[in-house]
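# Sharing a model prediction with you, sequence too.
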Amino acid sequence: MKVIFVAGSWSSGTTMVIGALDHLGVPTFGPHFHSNDPRTPNTYELMPFRKVIMNHVDEAAMMPHSRFSSEKDFSHQLTSALRQFGQQLERGEFGTWPEGNPKVVALKMPLASMCLPEITQVFDTDIIIVHRPMSEIEASRVRRNWPEYFGAAGANKVYMKMFSDMFDHKLSALMTSHGNFVKRTRDALEKIINYCDLQFLEHNIEKAMSFVRKD
């Protein structure tokens, strides 16, 4: 089983990208977490995955919960919980795997972008990083009337931790900007298809593009 993890902050465009993957034919299973934003009510965040992350990371503080005795303790317990979640995925507890296709699932959650070492330790992971100007992220937060940590303040922490982890753990990723994904959707999707070895789904690219135009 391979995981395509869509990384980035809130309001960066991760929902648009994972939604396009879903319409391309990459399972995101369910149930999904729904937000109060009428423009993007479905976040495509798998609720059992959210539960694992939220049980280990304090969203408002954007750091491990205080019950962990050390960073090593946090990493060990999160890795263990992710392995159990992965076994549930494999068994099809959150949805049926498409017949005839390789087992590939797309996951996304901004807070989980701060947990790349643990995610990549457990899963065969392709990382797609979505980025957007901080001013646009903050404007989106204000429009949604969300707490400050969902805007530029939180985005700074997410990207700093994410890139630090990538350097320290020698991780690689495909990067795409929100603006480029909107303006050059076909090109952006083709790059994802090639990077993630999704050629068996490229016949669905028009469907995925249609979702992005709607978004």
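Everything's here; your move.

# got a list of what the closest residue to Asp37 other than its chain neighbours touches?
Leaving aside its sequence neighbours, Asp37 sits nearest to Arg144 (Cβ to Cβ, 6 or more residues apart in numbering; 5.1 Å). For the C-beta atoms, the positions are set from N, CA and C on the backbone; glycine is no exception. When contacts are counted by Cβ atoms under 8 Å, 6 or more residues apart in numbering, Arg144 is found next to Ser11, Ser35, Asn36, Asp37, Phe150.

# need the longest strand for this structure.
strand 124-131 (DSSP state E).

# still on that earlier bit, quick one, which of the contacts of Arg144 are buried?
Ser11, Ser35, Phe150 (16 or more other Cβ atoms under 10 Å).

# Isn't the last one up against Arg141?
Yes. At 5.0 Å, Phe150 counts as touching Arg141 under the criterion of Cβ atoms under 8 Å.

# got the buried residues for stretch 101-109?
Buried residues in stretch 101-109 (16+ other Cβ under 10 Å): Val104, Val105, Ala106, Leu107, Lys108, Met109.

# so which of the residues you listed comes closest to Leu201?
Within the buried residues of stretch 101-109, proximity to Leu201 (Cβ to Cβ) peaks at Val104, which comes in at 8.7 Å.

# State the pLDDT value of the closest one.
Val104 is assigned 98 on the pLDDT scale.

# What of Asp215?
The model's pLDDT for Asp215 equals 48.

# likewise Phe29?
Reading off the model, Phe29 has pLDDT 98.

# repeat for Thr40
89.

# Could you do Thr125 as well?
According to the model, Thr125 scores 98 on pLDDT.

# contacting residues for it?
Lys2, Val3, Ile4, Phe5, Ile119.

# switch to 6 Å and redo it
Applying Cβ atoms under 6 Å, 6 or more residues apart in numbering, we find Thr125 in contact with Val3, Phe5, Ile119.

# ok, now Glu59?
Leu111 are the contacts of Glu59 under Cβ under 6 Å, 6+ apart.

# What's the separation between it and Ala112?
According to Cβ to Cβ, to the nearest Å, Glu59 stands 11 Å off from Ala112.

# Nearest to His178 among the buried ones among the contacts of Arg144?
Nearest member of the buried ones among the contacts of Arg144 to His178, counting by Cβ to Cβ, is Ser11, at 8.9 Å.

# I'd guessed the closest one sits against Ser140; true?
Yes. Between Ser11 and Ser140 a contact is recorded at 3.6 Å, counting by Cβ atoms under 6 Å.

# For burial, what's the neighbour tally of Val212?
By the measure other Cβ atoms under 10 Å, the count of residues near Val212 is 19.

# how about it, what does it touch?
Val212 sits next to Ala20, Thr185 when contact means Cβ under 6 Å, 6+ apart.

# Tell me, what's the model's pLDDT at it?
pLDDT at Val212 comes out at 92.

# list the buried ones in the strand or helix carrying it?
Per DSSP states H and E: Val212 is located in helix 205-214. By 16+ other Cβ under 10 Å, the buried positions in helix 205-214 come out as Ile205, Ala208, Met209, Phe211, Val212.

# so where do the helices sit in this protein?
With DSSP state H, the ranges of helices along the chain come out as 14-24, 47-54, 71-90, 116-122, 134-144, 152-168, 178-183, 185-195, 205-214.
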